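1. Could you work out the structure for the sequence below:
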Amino acid sequence: MFGWTVTAVAVCSVLLTVPMAAGTGSGTSCEEARLKCAYRTGCGMALNNYMLGCSGVVQRASGASHCPEVCQHALIALTSAEEGKELISCKCTDDMCKQAKERVEICRPHVELATLNETIVSCRVAQWICKADALCSTALDYYHRFCRSMFQGKRCTNRCNNSISILRRQEKAAKLVACRCDGQEDYDCPQIRINMERLCFPPASSPASPSSTAAPTSGTVGSAVTTSTLVLMSTALGILLQAT
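-> Residues are numbered from 1 along each chain as shown. Below you'll find the predicted structure:
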């Protein structure tokens, strides 16, 4: 699926073992958990990113005091995927697997903090979490397809609004609700938020009433949208600009 060489697969068997595993783990072997993840589109991508981003951590001697940001992001995304969660408690069957878990343990505090529901993460991390889930990733793809005019500051079409509504309903898009622009994006995150608010959800011309401020139903996207919804939609579109 990913065109991996035999060497890459061998390296993967060592690297793709997630920290946070307590004791001897569940009854599922780490090899089985890796294979299940690899054949799922979103989890497979997150797993591949983990192999690349955390190789330096795994290859270092125990006692390393730093977990690189790229490894943190890869771990957060991988452990957010449904199939990736099995890698948390899988059972190692060899010493190399156990050693990998021990070395990546340095990343545990960062990963556990970022995955708490109340934690606000950067929009880059929120993007990785969404893309690690097949449904959320698909919603982002449709959003990208139908909102190009809005990205450019021109207009927000009905199709764009509908794709936003679909994206909002994805569980793995939750971190996009309040993610922060950290200035390290390869797009203008703050400006994109402004475009979204101005074009897709302009302020109502008349004073708001209780009915006009209610959240839209699952099948409707109106002009009255909560602030958190605006943040979600605004930051999510920035994610998609990277694919253009």
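2. Could you report the neighbour count for the nearest residue to residue 27 once chain neighbours are set aside?
-> Spatial nearest neighbour of residue 27, chain neighbours left out: residue 91 (6.7 Å); criterion: CB to CB, 6 or more residues apart in numbering. (Glycine included, C-beta is placed from N, CA and C.) For residue 91, the tally of surrounding residues (other CB atoms under 10 Å) stands at 18.
3. Okay, domains of the protein per the record?
-> Split into domains by automatic domain parsing, the chain comes to 24-114, 123-241.
4. tell me the centre residue of this structure?
-> Residue closest to the mean C-alpha point of the chain, counted by CA atoms, centre = their mean, is residue 129 at 1.3 Å.
5. give the contact list for that one.
-> By CB atoms under 8 Å, 6 or more residues apart in numbering, residue 129 lies in contact with 76, 77, 80, 121, 136, 172, 175.
6. Just the pLDDT for the nearest residue to residue 80 once chain neighbours are set aside.
-> Nearest residue to residue 80 in three dimensions, chain neighbours excluded: residue 129, at 4.5 Å (CB to CB, 6+ apart). Note for residue 129: predicted pLDDT of 92.
7. right, and the helix or strand after the one helix or strand residue 129 maps to?
-> Assessed by DSSP states H and E, residue 129 sits inside helix 123-131. Next in sequence after helix 123-131, counting helices and strands by DSSP H and E, comes helix 134-146.
8. Sketch out the helices for the chain, chain order is fine.
-> 6-15, 30-38, 41-53, 55-59, 69-80, 86-89, 95-104, 108-114, 123-131, 134-146, 148-151, 158-168, 189-200, 227-241 (DSSP state H).
9. Now the fourth one: buried residues?
-> The reference is to helix 55-59. Burial within helix 55-59, assessed by neighbour count using 16 or more other CB atoms under 10 Å, is assigned to 57, 58.
10. Residue 50 and residue 72: what is the separation?
-> Residue 50 sits 11 Å away from residue 72, going by CB to CB, to the nearest Å.
11. Likewise for residue 194?
-> 29 Å.
12. Next: residue 152.
-> 33 Å.
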